[in-house]
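K.L.:
Sequence first, then the predicted structure:
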Amino acid sequence: MKKKKSLSKTAVNSRLISRPIRRCFPIFMLPTFIAFCIGFIWPFIQGMYLSFCKFTLPQDAQFVGFSNYIRAFSDAGFRHSFVYTAVFAVVSIVLINVLSFFIAYLLTQNIKGSNIFRTVFFMPNLIGGIVLGYIWSMIFDGILGRYGTYLLAKTEYGFWGLVILMCWQQIGYMMIVYIAGLQSVSEDMIEAAKIDGASKIQTLFRVIIPNVMSSITICVFLTLTNSFKLFDQNLALTGGMPVAVQADGSMINTTEMLALNIYKTFYANSNSRGVAQSKAVLFFILVAILALAQLKFTRNKEVQA
């Protein structure tokens, strides 16, 4: 009977505490909700509308229907940048996650000076993309200059230059996420695997990796979105160069990614701003679909506690 009374008192106290919280909830949420509507919801709705318009400024927008989307799909440069960005994303996602997980695994094996290594690997993430682009362009031109060439001479140089830059900047950040995941793996599970005769490789793939799938989900999501949204580094490192002439006589920038293509389209002339806006909407839909699909796929692989 005493136990029941204590439980009922706890329930009463929890109701007394939660009631004023529920009553004051709208007051605390209202400023944040208003800021969210002003800073995100309204610009997003306006951007969707402007993608169907011809405009120089939002105030003089004229509705033109789907013509902007038709022009976007007929743009050879946009189609090339879509494929180029997709290939770049696949390569960078694999390299960044494999290398960052490998480094994180090594740094959780009681290596001396591991904290110093963590700091060193994380530091490139603190440098801005524009600065990184210019630094690495000088590094690549200095190396390639010895062989009588330069970074923008070939599309392959620009592609792998962007991949190296992206890996160098992102690996340290993903490493921190993986270290947090590895440290959360129960030592009892690892000891049980050793007792059962599992090798280090078997323990890694059968015990550790399944238990850090939540960290893998986060890191793959971040690298996926960061790869598709890459802009600063692309602008500073290659600027989309070199230029290639297509069979139909049109010219495309062979190392131009989607974000840079949208930027250049918007500022090319005032008549192309509606086209750039339609490209931005398509870009958003693409990244949203890929990110949601990746989250669903990797979350299904997570070990449920």
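P.N.:
Looks like it came in fine. Nothing here was measured: the structure is a model prediction, and the numbers come from that model.
K.L.:
Confidence-wise, which helix or strand of the protein is lowest on average?
P.N.:
helix 2-36 (a mean of 69; mean pLDDT, DSSP states H and E).
K.L.:
hey, where'd the helices end up in this protein?
P.N.:
Assigned by DSSP state H, the chain shows helices spanning 2-36, 42-50, 67-73, 76-107, 114-122, 129-144, 155-183, 187-195, 200-203, 209-211, 213-228, 232-237, 258-268, 273-299.
K.L.:
Which among these is found nearest to A244?
P.N.:
Nearest to A244 among the helices of the chain is helix 155-183 (7.4 Å), distances taken as CB to CB. Any C-beta I mention is one placed from the backbone N, CA and C, and that applies to glycine too.
K.L.:
average pLDDT across the closest one?
P.N.:
Averaging pLDDT along helix 155-183 yields 95.
K.L.:
Okay, V243 and V177: tell me how far apart.
P.N.:
As defined by CB to CB, to the nearest Å, V243 lies at a distance of 39 Å from V177.
K.L.:
Settle it for me: which of the two has more neighbours?
P.N.:
Higher neighbour count among V243 and V177: V177, with 19 against 12, using other CB atoms under 10 Å.
K.L.:
Just to check, that one is in contact with C219?
P.N.:
Yes. Judged on CB atoms under 8 Å, V177 makes contact with C219 at a distance of 5.4 Å.
K.L.:
what's the nearest residue to G133 once chain neighbours are set aside in contact with, if anything?
P.N.:
With sequence-adjacent residues excluded and distances taken as CB to CB, 6 or more residues apart in numbering, G133 is closest to A236, at 2.4 Å. By CB atoms under 8 Å, 6 or more residues apart in numbering, A236 lies in contact with G129, I130, V131, L132, G133, Y134, S137.
K.L.:
The last one reaches L237, doesn't it?
P.N.:
Looking back up the chat, that one is S137. Yes. Assessed by CB under 8 Å, S137 is found in contact with L237 at 5.2 Å.
K.L.:
Tell me the spacing between E156 and V163.
P.N.:
For E156 relative to V163 (CB to CB), the value is 11 Å.
K.L.:
With neighbour numbers in mind, choose between those two.
P.N.:
V163 (17 against 10).
K.L.:
and that one, what does it touch?
P.N.:
Taking CB under 8 Å, 6+ apart, we find V163 in contact with F88, V91, S92, L95.
K.L.:
tell me which of these is nearest to M251?
P.N.:
F88 (20.6 Å).
K.L.:
what about that closest one, distance to R79?
P.N.:
Taking CB to CB, one finds F88 at 15 Å from R79.
K.L.:
Endpoint to endpoint, stretch 40-54 covers what distance?
P.N.:
Taking CA to CA, to the nearest Å, stretch 40-54 runs 22 Å from one end to the other.
K.L.:
Just give me how far that stretch sits from the chain centre.
P.N.:
23 Å (CA atoms, centre = their mean, to the nearest Å).
K.L.:
again, but for stretch 136-155
P.N.:
The answer for stretch 136-155 is 27 Å, by CA atoms, centre = their mean.
K.L.:
Quick check: N261 touching S81?
P.N.:
Yes. Between N261 and S81 there is a contact under CB under 8 Å: 4.2 Å.
K.L.:
Any chance you could list residues touching both of the two?
P.N.:
In contact with both N261 and S81: N253, using CB under 8 Å, 6+ apart.
K.L.:
where does this protein dip in pLDDT?
P.N.:
1-17, 303-305 (pLDDT under 70).
K.L.:
switch the cut-off to 80
P.N.:
In the prediction, the chain carries residues with pLDDT under 80 at positions 1-25, 28, 246-250, 270, 301-305.
K.L.:
got the phi/psi numbers for E256?
P.N.:
Backbone geometry at E256, expressed as degrees, to the nearest 10, gives phi -90, psi 120.
K.L.:
Check the gap between the spatially closest residue to it that is not a sequence neighbour and I127 for me.
P.N.:
Nearest residue to E256, sequence neighbours excluded (CB to CB, 6+ apart): G240, at 3.3 Å. Between G240 and I127 the computed distance is 22 Å (CB to CB).
K.L.:
No further questions, thank you.
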